[in-house]
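Peer 1: Provided below for reference: sequence and predicted model.
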Amino acid sequence: MTIEPPPDDRIPELYADGVFDIGFGNGMVRIDLFSLSALRKDANGQPLPAIRQRVVMSLPGFLASLSALEGMRQRLEAAGVLPPNSGPGPGAPVSAPPAAPAFHSPVQAPIQPATSSPATPATSPGRPRSPNFG
């Protein structure tokens, strides 16, 4: 059975500056995406991250996504968009990609399984604005 995708103008798009946090619980991987706030600034006037959307995937779906992302990285290297060997080697710890010069991603360490009480970022980005959150 083949599922025909809708026309491109009917597929919603989402912009994100990066991944704010990744957690695993109840058999699902949860990826919080952030963008830089136009209104909230730190003490130096730099924009603060605000969680905008959460992607929830099954573990098999997450692993398939990793494979797809690695394939895209390899194609970008082959096209000269990324420098050769820009990705981590086999067995390298997972880390955030380079961020924009004015902002450093809050995801710095290898991903750890989520606990029953997830850690709260130092600066809470506030309630996400999404139809997926009540």
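Peer 2: Received, thanks.
Peer 1: Now do the SS call for residue 55.
Peer 2: Counting by DSSP: H, G, I helix; E, B strand; the rest coil, the backbone at residue 55 sits in strand.
Peer 1: mind listing what the closest residue to it other than its chain neighbours touches?
Peer 2: Leaving aside its sequence neighbours, residue 55 sits nearest to residue 31 (Cβ to Cβ, 6 or more residues apart in numbering; 4.4 Å). Glycine gets a C-beta too; all of them are placed from N, C-alpha and C. Neighbour list for residue 31: 19, 21-22, 54-57 [criterion: Cβ atoms under 8 Å, 6 or more residues apart in numbering].
Peer 1: Next, count neighbours for residue 19.
Peer 2: As a burial measure, residue 19 scores 17 neighbours (other Cβ atoms under 10 Å).
Peer 1: and it, that's in a helix?
Peer 2: No: using three-state DSSP, the secondary structure at residue 19 is strand, not a helix.
Peer 1: That one is in contact with residue 33, isn't it?
Peer 2: Yes: applying Cβ atoms under 8 Å as the test, residue 19 and residue 33 come out as touching, 6.3 Å apart.
Peer 1: which neighbours does the longest strand along the chain have in its sheet, and in what orientation?
Peer 2: In the chain, assigned by DSSP state E, the strand with the most residues is strand 28-41. Next to strand 28-41 in the sheet, as set by DSSP bridges, lie strand 18-25 (antiparallel), strand 47-58 (antiparallel).
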